[in-house]
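> Got a predicted structure plus its sequence, pasted below:
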Amino acid sequence: MHDFTPVPAQLGGVLIGLSASLLLLVNGRVAGISGITGGLFDGPPGDTWWRVAFLGGLAAGAAVMARALPQEFAPTLSRSAVTLLGAGLLVGYGTRLSNGCTSGHGVCGVSRGSLRSIAATATFIATGVVTVAITRLWGSGL
């Protein structure tokens, strides 16, 4: 279990919870990445600045961490571009179908006790389990 890193994982969870709480308290918005991104294109006028700042902060944080810990960002998947594109399209379709993503439903909705978010998050997890099981069986030649 060399990938077991409880302290960094816990610190990351605290930072995610803190940022989601601050966005809700300061701006009255849920930190759902798909909703924030979608609002850039079809949100109300004058509602763009905070979305750009939030998404820019995500990108800047990733860039800083990639610079500080490049070994943690080394590619580990050996999948084709077609497979990755297909996976990305399925994720995008799923977020539209469920009216949100894991950040909106799983982090923010579950913590607010939203039944819809609890159901969506359970579906995300179950689908992930089934997908991994099928992929591993398929990859083993079965």
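Here it is on my side, so go on. Residues are numbered from 1 along each chain as shown.

> what stretches of this protein score poorly on pLDDT?
1, 140-142 (pLDDT under 70).

> Can you show me the strands along it?
Read by DSSP state E, the chain holds no strands at all.

> from the chain's centre, how far out does the longest helix along the chain sit?
In the chain, with assignment by DSSP state H, the single longest helix is helix 115-139. The chain centroid and the centroid of helix 115-139 are separated by 14 Å under Cα atoms, centre = their mean, to the nearest Å.

> Report the buried residues of it.
Ser117, Ala120, Thr121, Phe124 (16 or more other Cβ atoms under 10 Å). No exception for glycine: its C-beta is placed from N, CA and C like everyone else's.

> so what's Ala63 up against?
Counting by Cβ atoms under 8 Å, 6 or more residues apart in numbering, Ala63 touches no other residue.

> all numbers from here: first residue = 506
Renumbered: residue one is now 506, and that last one reads Ala568.

> and the gap between it and Leu528?
Distance of Ala568 to Leu528, computed by Cβ to Cβ, to the nearest Å: 21 Å.

> From the structure, what's the count of residues near Gly533?
Number of residues near Gly533 (other Cβ atoms under 10 Å) recorded here: 7.

> Check Gly614 too.
22.

> which residues touch the residue nearest to it when sequence neighbours are not counted?
In this structure, Gly614 finds its nearest non-sequential neighbour in Ser622, 2.3 Å apart by Cβ to Cβ, 6 or more residues apart in numbering. By Cβ under 8 Å, 6+ apart, Ser622 lies in contact with Gly605, Gly609, His610, Gly611, Cys613, Gly614, Val615.
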